[in-house]
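# structure for the following, please:
(one chain, ligands or ions: 2)
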Amino acid sequence: MSTQLNNKKRVVIKVGSSSLTSRHGEISRRKLEKLADEVAKLKDEGYEIVFVSSGAVAAGYRKLGLIDRPTSLPEKQAAASIGQGLLIEAYSEIFLSHGYIASQILITRSDFSDENRYNNVRNTLNVLLERGIIPIVNENDTVTVDRLKFGDNDNLSAKVAGLVGAEQLIILSDIDGLYDSDPRKNEAAKLLEKVYEITPEIEAGAGETGSHVGTGGMKSKIDAVKIAMASGISTFLGKASIPNILIDAVSGKAKGTYFEVTDETVNLNQKRQWIAFHSGPKGELVIYQPAKLSIADHNHSIYSSDIMKVKGQFNKGAVIRIIDENGERIGLGVVNYSSDEIIKISKQTEKEHEKYEIVHFDDLVCELELSLPVGL
Ligand SMILES: Nc1ncnc2c1ncn2[C@@H]1O[C@H](COP(=O)(O)OP(=O)(O)O)[C@@H](O)[C@H]1O
Ligand SMILES: N[C@@H](CCC(=O)OP(=O)(O)O)C(=O)O
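Numbering: from 1, shown residues only. Ligands and ions are numbered 1, 2, ... in the order given. Okay, the predicted model is just below:
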């Protein structure tokens, strides 16, 4: 799914900390140069690239006077404020040597949970891409608190890929793809070259990080792939240090795992991506069982007659969570009426209130259909 008007292929590339820094808590110029050379080749071929780079904490903690990567939030934030500047300085220099300008975009989750700010980030990225710049994105680590974090850059990169309507997401790590179990723990683990669906077996085989600088391990990559797939974007996962990995990844020839979207995959448009992955629900609607079943089928709105109970106070246009009478989460939707109006409508006779459409199906994202938790 691509939203840009020109014919250029848009690719989001995410690289993990261990693939950019040395063991001693410093930027590895050699690793950065290798990847930047390949990005520059893709640019020469006409690709539009958004580069999601981790490594701020890993590149900064030594200069903060620490021997190991910090675990406390203030120390991580202090390390990131040193490392982020160093990273951008290095990227700017290296890309300039290839004739390309780099720019920095630091994002917090609250920038995405506000729909206007979300659209502003997209507009900014579009201008940069159309003008041939290489935006370098990271979470704004120095100001975000744990509770309001994307948490890891795998997640951030999938959301950025959805935001810019990328054709492909490439996640580069210290491992050459997804295995059926953690290869660091199981020597017999097998590489999965093509994945069309994230099954419970795949989830069970995805473990934690193997390095002392990584965040989230394979688990967070699988969660990110689910978001990318639901946004209609295929993902490649491979090893950053393999020569020409980026060039081969875009042409489908690289060693690694290709997660392919198919006609069967749910493909959320940008409005529904925002509802599903970025909005924060302001209240809840409890609905009757028959309505739950028909919502899981496509194209079914929620009518006033489907509603058993309204929880919380919200305005018209708010995103609310839809649950069943047992509290099971069904999905998220944008309401056409305020909570007070819905309560008033529900008090009308059955015949009268049937005509009120409370949530239109275009503004509804159903977890049952996605098999993916939605909402913050
Ligand atoms: N099923 C699996 N397949 C591949 N790698 C796995 C799996 N389960 C856990 N891992 C671990 O995940 C690590 C990659 O995640 P992480 O350390 O967070 O990397 P990055 O810093 O690149 O984001 C691998 O080095 C590996 O040890
Ligand atoms: N934003 C953090 C990186 C968080 C993260 O996801 O790290 P990684 O697992 O190495 O991709 C930083 O720049 O240090």
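
# thought residue 14 was touching residue 166?
No - with contact defined as Cβ atoms under 8 Å, residue 14 does not reach residue 166; the gap is 11.0 Å. Just so you know, the C-beta spots here come from the backbone N, C-alpha and C atoms, and that holds for glycine as well.

# near ligand 2, which residues of the stretch 1-150 of the chain?
Within reach of ligand 2 by Cβ under 6 Å from any ligand atom, the stretch 1-150 of the chain has these residues: 16-17, 54-58, 80, 138-139, 141.

# again, 8 Å this time
Residues of the stretch 1-150 of the chain lying near ligand 2 by Cβ under 8 Å from any ligand atom: 14-19, 53-59, 76, 79-80, 83-84, 87, 138-139, 141.

# now for residue 245: which residues touch it?
38, 172, 238-239, 254, 256 (Cβ atoms under 8 Å, 6 or more residues apart in numbering).

# so which of those comes closest to ligand 2?
When the contacts of residue 245 are compared for distance to ligand 2 (Cβ to the nearest ligand atom), residue 172 wins out at 9.6 Å.

# of the residues of the stretch 1-150 of the chain next to ligand 2, which belong to strands?
14-15, 53, 138-139 (DSSP state E).

# residue ranges with poor pLDDT in this structure?
By pLDDT under 70, the weakly predicted segments of the chain are 1-7, 147-148, 210-214, 298, 349-354, 368-376.

# outside of the longest helix along it itself, list whatever touches it.
Taking DSSP state H as the criterion, the chain has its longest helix at helix 73-97. With Cβ under 8 Å, 6+ apart as the test, helix 73-97 has contacts from 20, 27, 29, 32-33, 36, 39-40, 51, 53, 55-61, 63-64, 66, 69-70, 101-102, 104, 106, 134, 136, 138, 141-143, 145-146.

# got the buried residues for that helix?
75-84, 86-88, 90-92, 94-95 (16 or more other Cβ atoms under 10 Å).

# return the closest of the contacts of residue 245 with respect to ligand 1.
Within the set of these, residue 172 lies nearest ligand 1; the separation is 7.0 Å, counting by Cβ to the nearest ligand atom.

# hmm, residue 240 and that closest one touching each other?
Yes - with contact defined as Cβ under 8 Å, residue 172 counts as touching residue 240 (3.9 Å).

# one step back: helices - which of the contacts of residue 245 land there?
Those of those lying in helices (DSSP H): residue 38.

# which of the contacts of residue 245 lies closest to residue 312?
residue 172 (42.2 Å; Cβ to Cβ).

# what sits against that closest one?
Residue 172 neighbours (Cβ under 8 Å, 6+ apart): 13-16, 19, 35, 237-240, 245-246.

# biggest separation within those residues, which pair?
Checking the contacts of residue 172 with Cβ to Cβ, the most distant pair is 35 and 237, at 15.2 Å.

# which of these two has more neighbours?
residue 237 (28 against 22; other Cβ atoms under 10 Å).

# got the phi and psi for residue 10?
phi -100, psi 130 (degrees, to the nearest 10).

# correct me, but it touches residue 166?
Yes - using Cβ under 8 Å, residue 10 is in contact with residue 166, at 4.7 Å.

# please say which of these two ends up with more neighbours.
residue 166 (30 against 22).

# who in the stretch 1-150 of the chain is up against ligand 1?
Close to ligand 1, as judged by Cβ under 8 Å from any ligand atom, the stretch 1-150 of the chain has residues 14-19, 54.

# would you list the residues you listed in CSV and tack on neighbour count and distance to residue 130?
Below are these laid out as CSV (neighbours: other Cβ atoms under 10 Å; distance: Cβ to Cβ, whole Å):
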residue, neighbour count, distance to residue 130
14, 29, 22
15, 24, 23
16, 30, 28
17, 24, 30
18, 24, 33
19, 25, 28
54, 29, 26
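
# ok, those vs residue 123, which is closest?
residue 14 (21.7 Å).

# checking residue 236 next. Helix, strand or coil?
strand (DSSP: H, G, I helix; E, B strand; the rest coil).

# residues in a beta bridge with it, which ones?
Under DSSP bridges, the beta-bridge partners of residue 236 are residue 170, residue 258.

# distance of the residue nearest to residue 218 when sequence neighbours are not counted relative to residue 149?
For residue 218, ignoring the flanking residues on the chain, the nearest one in space by Cβ to Cβ, 6 or more residues apart in numbering is residue 206 at 3.9 Å. Between residue 206 and residue 149 the computed distance is 20 Å (Cβ to Cβ, to the nearest Å).
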